[in-house]
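> coordinates for the following, if possible.
(chains A and B)
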Amino acid sequence: MATEHEFDVVIVGAGGAGMRAALESSQRAKTAVITKLYPTRSHTGAAQGGMAAALSNVEDDNAEWHTFDTIKGGDYLVDQDAAEILCNEAIDAVLDLEKMGLPFNRTPEGKVDQRRFGGHTRNHGEAAVRRACYAADRTGHMILQTLYQQCIKQEVEFFNEFYALDLILDGDPQAAGEDGEVSVSGVVAYSLASGEIHTFRAKSVIFATGGAGKVFKTTSNAHTLTGDGMGIALRAGIPLEDMEFFQFHPTGLAGLGILLSEAARGEGGILRNSEGERFMERYAPTIKDLAPRDMVARAMANEVREGRGCGPNKDYVLLDLTHLEPAHIDAKLPDITEFARTYLGVEPYTEPVPVFPTAHYAMGGIPTTVQGEVLRDNTHVVKGLYAAGECACVSVHGANRLGTNSLLDINVFGRRAGIAAAEYANATDAIPSLPADASAGLEQTVASLRATVGGDGTERVAQLRRELQETMDMNVQVFRTAESLAEAHRVVKDLQERYTNIAIHDRGTRFNTDLLEAIELGFLLELSEVVIAGAEARKESRGGHYREDFPTRDDENFMQHTMAYKRADGTVELDWKPVVVTRYQPMERKY
Amino acid sequence: MTATAEAPAKAGAVPSMTVTLKILRFDPDGLDGREPGSEYWEEFTVEAHATDRVLDALHKIKWDIDGTLAFRRSCAHGVCGSDAMRINARNRLACKTLLKDLNPSRPITVEPIKGLPVEKDLIVDMEPFFASYREIMPFLMTSGPTPERERLQSPEDRAKFDDTTKCILCAACTTSCPVFWTDGQYFGPQAIVGAHRFIFDSRDEGEWDRLEILNDKAGVWKCRTAFNCTEACPRGIEVTKAISEVKRALTTGNV
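A predicted model of the protein is given here:
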C-alpha cells in the first residue's frame, strides 16, 4: 500500500529551478521537494561559464540588447514576451543570488565581474559584450550550493532519492476541449531506499526535472538526465514543445563529451583545424569563435567532414589556449583545464585540447506560460501544474539557446513558478483527493519489471539504450536528413518493441537502481521518438535543427513552435503554435 | 589477473586491457539464499580501455554482467559528488579515477566509504554526513538592511575562501578521517570546510556563531592532523589547511 502525503505545493526536482522555486514557495505555502538525487548532485552543478545579466559592471550594456541577442540567437523561434521578462529580470536574479551569498568573481572595485560569451553582443551585434556573471568556471556549482544552503536555512522539506514517476490529473487533458477544465491532483513516487511507493496529494505541482541528454551517446549530460519529467507529462496527455531543437555544445572533450565551457573562448581561446587555421573567421567574421553554439558546432562538424579534422582519425578539432597566461587560465578556467588533464592527459598550458560537439541542452520541453503554468494545448493551462528550467519550454531559447541563458532561465522562471504555484495553492480551498487507484499504475509497472527477473525476457536494458544512443548520434545530431531521420525513427520503433521483452536482474526492494534504469529507458525511448518526429516534420534549418535537404530557414512555413502529443493509441501527433512576436521581426542571422 | 595490452594497437586507439574488480558487497534484502545484511567480496573481470574510469568498469559490470550491483553516480566527471568510494584502500571518486592510474596487474578493490552505515553494496546512508553539514549553519548570515545592489567584496577578500567553495559534499574527506571512524560525535572535516567557506567570507557576520559550534567537543579540536582528508579530496581542497585556519581563528580570536 502506498504511503500518503499532503502538501500545498510539491516540487519535482532539486536542481537550480526546483530549489529556486522552493525558496519562494516554502515561504508562502507548505512545500515538499521530491528529488531523485540528493539536491547537490543535480546537473545545475555542472554548468560552468556564467549567468547572463546586463549589469553593466564592466562595460555599457542593457536588457534590451540582451533581449535582442536572445531572440536572434534563438533564430527567431523565441517567444519575445518571455525573452523580455528573462532579460529584464536577469539583473535582480543575479543580485538576489549575490545577496544569498553566492561567491561571484569580483572586479577591482568589488562588484560582480563579467565576461564575454557566445552570441552576447553590444548594440545588436556590433561586438562581443561582457555580460556573463561568473564564479571561475564553476558558476553552476556555486548556484546549486548557494540555493541548497538557502534551502537549509529555510528548512525546506526534501524527499531525497524519491523518483516521481506518475502525474495524477483530474481529467484527460486531450479530452477537456475549449470549455473544459483539468487540474492537478498530485504525483506518485518511488522511494529508492525502500522500494516503497508514495503518493503526494497537492494543490500545485512544479516540474523541474531537467534535461534528457541521455537520448544521445555523446553528451555533456549526467547519467541521470533521462527526461523523466517530460516523459511523465507526455504520458499524461500533455504536449511537448519544440523537442527537435537540441543544442550540441561545440566544445565537448573529444570522444568523451565532457563539457569544456564556452568561457574558454570568452577568455580568448581559439578553435583551430588540422591546418592550424582559425576557421571560425570564415563562418562568423565579426565575432568568430564567440558565434552562437549551433553555428560553431556546425562549423566544427563541417571542418571534420571536409577533411580538416585533427588526430589520427581526423575526427575532432582543437581548442587552443596556449597563448593565454597560465595564471589567467588558473584563475578563470581551473576546472575545465583539469578535465583536459585528467581525462585526455593533455596540458592546456602548452597543448591544444581535442574537442568535438556534444549533446548538451534541450531547448524544447513542457510548454508553459510566462508564469510557469503548463499548457495542455496552445492556449489552455492545466490548473495547478507548473514547469521550469530545462524540462520546460517557455520559450526563451527558441531554436538555439545562448550560453549563460540557462542558469538565468532556472533562476528567473524557477522563481516565477514557485511564486505562482504557491499563490494558486493559497487561493485553492482544499487539497484535491486522489483516486483510490492513484498508485496502481506505478505499482503495476514496478511489479511487472520485478517479475522479469529470471523470466523469459531476452532483451537487456543497457543494450537497448546503447543502440538508441548510437542511432541518435549517427542520425539526429548536428546534421540531419530525411533519410537519417527515417532510419532513426525505424530503429527507435524497433527498440520500443524490444523494450516490451526486457529482463532485469535485481528483484530486491532496497536501492534497486537496475529497476529504475529500466524505467528511465522507457522515457528515453518515448522522448527520442518525439525528437525525431519533430525533426522530420520541420523541413527547414533553424538554430540547432539543421536539415541538409532543407538548408535554409523558412519563416513562411515554419516560424512556429512544434507541439507533439502522444495519443491514446501510442502514436505521436504534431501540431503547431504561433511564435509570440513583440518588436523584433526576423532577419538574417549573421555574426 | 594480468593486464594485457592488445598489440599492435591501431594508430590513435587506446589499448584495451582486462581488469578485475574485487568489490565488497552488501545485500540488504537477502536474495539468492543469503541472509539479509550479508557482506561478501565478489570479483568481476571486464575488458576496458586504459583511459576508462573506474566508473566505466563498474557500469560494464552492472550493465553486462550483474544488474544487482548498486552504486550512486550522476555527472561522471567529478563535479556532482555522488560516487565517492574506497578504491584500493583510498577514498576517491570512481568517475575521476582512471584505470591506468591504478595497478591493473592486481585486482582493484572497491569498497563503500567508511564510517557511514552501508545500505547496499557501495551505497551508504549519507544522512549523518549532511546532518553535520547543516549543523554548522552553511548559509550567509548578515544583519542590517539588504543593500539594493550587490555587497562589495574585493578580489583579495574573495580569494580568502575560494578554496573551500570548491567542496562538492562527496564525503571523501570525512570518511577518510580516522577520528571520524572511531569517534561517533566528530563533525568530520567536511563540516569544518563548509564552515570555513563562510567564516572567511568578508560579507558574512555569523563567523562567531560557527566558530563556537566548532569549538565544542565534537568540533575542530578533535582533528589530529592526519592529512588523510587533504589527500582524499577530489577537488584538491587543502582541507587540513582550512582546519588549521579555523583553529588559529579560535586561538587568536581573529578571523
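
> and residue A:471, how far is that from chain B?
In this view, residue A:471 and chain B are 18 Å apart by C-beta to the nearest C-beta, to the nearest Å. All C-beta spots, glycine's among them, are computed from the backbone N, C-alpha and C.

> now do residue A:337
Distance of residue A:337 to chain B, given as C-beta to the nearest C-beta: 12 Å.

> confirm that that residue sits in a helix.
Yes. Assessed with DSSP: H, G, I helix; E, B strand; the rest coil, residue A:337 lies in a helix.

> thought it was touching residue A:348?
Yes. Counting by C-beta atoms under 8 Å, residue A:337 sits close enough to residue A:348 to count as a contact (4.5 Å).

> any common contacting residues for these two?
Residues touching both residue A:337 and residue A:348 by C-beta atoms under 8 Å, 6 or more residues apart in numbering or on different chains: A:321, A:329.

> can you tell me the average pLDDT over the helix or strand containing residue B:191?
For residue B:191, the host element (DSSP states H and E) is helix B:189-199. Helix B:189-199 carries an average pLDDT of 98.

> so what touches the helix or strand following it?
Following helix B:189-199 in sequence order, the next helix or strand is helix B:207-215 (DSSP H and E). Contacts to helix B:207-215, defined as C-beta under 8 Å, 6+ apart, come from residues B:135-137, B:141, B:187, B:192, B:195, B:198-200, B:219-221, B:246, B:249-250, B:255.

> what's the closest non-adjacent residue to residue B:199?
Distances taken as C-beta to C-beta, 6 or more residues apart in numbering or on different chains put residue B:207 closest to residue B:199, at 4.4 Å, once the chain neighbours are dropped.

> give me the neighbour count for residue 78.
Looking at chain A here, since you left the chain open. Per other C-beta atoms under 10 Å in any protein chain shown, the neighbour tally for residue A:78 reads 31.

> that's the other chain; I wanted chain B
A count of neighbours around residue B:78, defined by other C-beta under 10 Å, yields 26.

> and it, how far is that from chain A?
Plainly put, residue B:78 is 7 Å away from chain A if you go by C-beta to the nearest C-beta.

> just give the number of residues close to the closest residue to that residue other than its chain neighbours.
Spatially, and ignoring its direct neighbours in sequence, residue B:78 is nearest to residue B:96 (4.0 Å; C-beta to C-beta, 6+ apart). Residue B:96 has 23 neighbouring residues, counting by other C-beta under 10 Å.

> now do the SS call for residue B:96.
Under the three-state scheme (three-state DSSP), residue B:96 adopts coil.

> who's in contact with it?
Residues in contact with residue B:96 (C-beta under 8 Å, 6+ apart) are A:342, B:53, B:77, B:78, B:234.

> quick one on the thing from earlier: and the helix holding residue B:191, what other elements does it pack with?
Applying 3 or more C-beta pairs under 8 Å, 6 or more residues apart in numbering or on different chains; DSSP states H and E, one finds that helix B:189-199 contacts helix B:127-135, helix B:162-165, helix B:207-215, helix B:239-252.

> pull the contacting residues for residue A:480.
By C-beta under 8 Å, 6+ apart, the contact list for residue A:480 reads A:535, A:545, A:546, A:547, A:548.

> beta partners of it?
Under DSSP bridges, the beta-bridge partners of residue A:480 are residue A:547.

> can you pull the contacts of residue A:160?
Neighbour list for residue A:160: A:14, A:35, A:37, A:38, A:39 [criterion: C-beta under 8 Å, 6+ apart].

> one more time with 7 Å, if that's ok
A:35, A:38 (C-beta atoms under 7 Å, 6 or more residues apart in numbering or on different chains).

> do residue A:287 as well
With C-beta under 7 Å, 6+ apart, residue A:287 has these contacts: A:121, A:128, A:591.

> between those residues, which is closest to chain B?
Within the contacts of residue A:287, distances to chain B taken as C-beta to the nearest C-beta reach their minimum at residue A:128, with 22.8 Å.

> give me the phi and psi for the closest one.
Dihedral angles phi and psi of residue A:128 (degrees, to the nearest 10) take the values phi -60, psi 140.

> burial count for the closest residue in space to it that isn't next to it in sequence?
Spatial nearest neighbour of residue A:128, chain neighbours left out: residue A:116 (4.4 Å); criterion: C-beta to C-beta, 6+ apart. Other residues near residue A:116 come to 23 when the count uses other C-beta under 10 Å.

> can I take it that residue A:116 is in a strand?
Yes. According to three-state DSSP, residue A:116 belongs to a strand.

> let me see the ranges of the strands in chain B.
B:16-27, B:38-49, B:84-87, B:90-93, B:108-111, B:118-120, B:123-124 (DSSP state E).

> quick check: which of these is nearest to residue A:328?
With C-beta to C-beta, the closest approach to residue A:328 among the strands of chain B belongs to strand B:90-93: 27.3 Å.

> what residue lies at the spatial centre of the chain?
As the question left the chain open, I've gone with chain A. Centroid-nearest residue in chain A: residue A:390, 3.3 Å away (criterion: C-alpha atoms, centre = their mean).

> actually it's chain B I care about, not the one you picked
Short answer for chain B (C-alpha atoms, centre = their mean): residue B:172, at 2.3 Å.

> returning to what we had before: give me the buried subset of the contacts of helix B:207-215.
The neighbour count (16 or more other C-beta atoms under 10 Å in any protein chain shown) marks B:135-137, B:141, B:187, B:192, B:195, B:198-200, B:219-220, B:246, B:249-250, B:255 as buried among the contacts of helix B:207-215.

> quick one on the thing from earlier: quick one, which of the helices and strands packed on helix B:189-199 is nearest to residue A:299?
Each of these has some distance to residue A:299 by C-beta to C-beta; the shortest is helix B:162-165, at 35.3 Å.

> so who does the residue nearest to residue A:128 touch?
Counting by C-beta under 7 Å, 6+ apart, residue A:116 touches A:128, A:129, A:130, A:266, A:290.
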